[in-house]
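Student: Sequence and predicted model, in that order:
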Amino acid sequence: MITAFVLLEAEVDRISEVAEAVAGLEGVVETYSVTGRYDLILKVKAARNEDLADIVAGSIGRVGGIRRSETVIAFRSYASQVLDAGFAYGQDAE
């Protein structure tokens, strides 16, 4: 499974509208409003690169109110390792 993050800059008065539209698209598994250069960050999952292209260029790219986007593909996830280390913090090693 391919995981990608799509960073979106939206028209200021349409951020909520864009967020609701993209959150309901197939392949978009999480949608966040954020501070900084972009307004929204989407977590997208797809089985193949071709599917990812369809989601990003086909589905997300057709949502009105998006001014700019950037897509980054994840190589590896460290989330579970970070969580495991956090829960073990302060525990004595046996």
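Tutor: Noted; the coordinates are in hand.
Student: Give the buried residues for stretch 61-72.
Tutor: Buried residues in stretch 61-72, counting neighbours by 16 or more other Cβ atoms under 10 Å, are found at V63, G65, I66, S69, T71. Backbone N, C-alpha and C define where each C-beta goes, glycine included.
Student: And stretch 16-30, by the same measure?
Tutor: By 16+ other Cβ under 10 Å, the buried positions in stretch 16-30 come out as V18, A19, A21, V22, L25, G27, V28.
Student: quick one: which of the residues you listed sit in helices?
Tutor: Taking DSSP state H, the ones among the buried residues of stretch 16-30 that sit in helices are V18, A19, A21, V22.
Student: tell me the two of those that are most distant?
Tutor: Greatest spacing in these, by Cβ to Cβ: A19 and A21 (7.3 Å).
Student: Which one of the buried residues of stretch 61-72 is nearest to R48?
Tutor: T71 (15.0 Å).
Student: What ranges does this structure have for its helices?
Tutor: 15-23, 49-53, 79-88.
Student: Can I get the second one as CSV, trimmed to CA atoms?
Tutor: Listed next in CSV are the C-alpha coordinates belonging to helix 49-53 (Å, rounded to 0.1, in the frame of the first residue of the first chain):
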residue,chain,number,x,y,z
ASN,A,49,1.0,4.4,-8.3
GLU,A,50,-1.6,4.5,-11.0
ASP,A,51,-4.3,4.6,-8.3
LEU,A,52,-2.5,7.4,-6.5
ALA,A,53,-2.3,9.4,-9.7
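Student: list the helices and strands it packs on?
Tutor: strand 2-10 (3 or more Cβ pairs under 8 Å, 6 or more residues apart in numbering; DSSP states H and E).
Student: Okay, angle between the strand it packs on and helix 15-23 too, please.
Tutor: Inter-element angle recorded for strand 2-10 and helix 15-23: 160 degrees (by axes from the mean of the first three to the mean of the last three Cα atoms, to 10 degrees).
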